[in-house]
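Participant: Any chance you could fold what I've pasted below:
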Amino acid sequence: MEARRQRVLAALAERPGIRYAVVVDNPDIDPVIVALGIRGAMPDGSFVTCELRVPLTKFDPFLLLDLIARYGGTVH
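Facilitator: So this is what the prediction gives:
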């Protein structure tokens, strides 16, 4: 878990122009574990991270990226 978190944080640090970083170690296991990092999600501009566990039968990496791009700025 911490290794995936460090990888998304490193990706955000290395690429100042991106808002999101996603790491999936193995897309063939069930559930698929997705680490997500978001730049600027907090008022101070810091990064936040989380892990998602997606059932293998529902995992679509392209749909995931589309949903993040489409709704990533939405506050719930």
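Participant: which residues touch the closest residue to A69 other than its chain neighbours?
Facilitator: If the residues on either side of it in the chain are set aside, A69 comes closest to Y20, at 7.9 Å by CB to CB, 6 or more residues apart in numbering. Placement of C-beta: from N, CA and C, glycine included. With contact taken as CB atoms under 8 Å, 6 or more residues apart in numbering, Y20 is in contact with L36, G37, I38, R39, I68, A69, G72.
Participant: Weed out the non-buried ones from the residues you listed.
Facilitator: Among the contacts of Y20, those buried by neighbour count (16 or more other CB atoms under 10 Å) are L36, G37, I38, R39.
Participant: now the residues you listed in JSON lines, with secondary structure, distance to R15 and pLDDT?
Facilitator: Converted to JSON lines, the buried ones among the contacts of Y20 look like this (DSSP: H, G, I helix; E, B strand; the rest coil; distance: CB to CB, whole Å; pLDDT from 0 to 100):
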{"residue": "L36", "secondary structure": "strand", "distance to R15": "15", "pLDDT": "94"}
{"residue": "G37", "secondary structure": "strand", "distance to R15": "11", "pLDDT": "93"}
{"residue": "I38", "secondary structure": "strand", "distance to R15": "13", "pLDDT": "91"}
{"residue": "R39", "secondary structure": "coil", "distance to R15": "9", "pLDDT": "90"}
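Participant: Export those as a markdown table, with columns for distance to R4.
Facilitator: A markdown table is the format used below for those (distance: CB to CB, whole Å):
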| residue | distance to R4 |
| --- | --- |
| L36 | 9 |
| G37 | 9 |
| I38 | 14 |
| R39 | 17 |
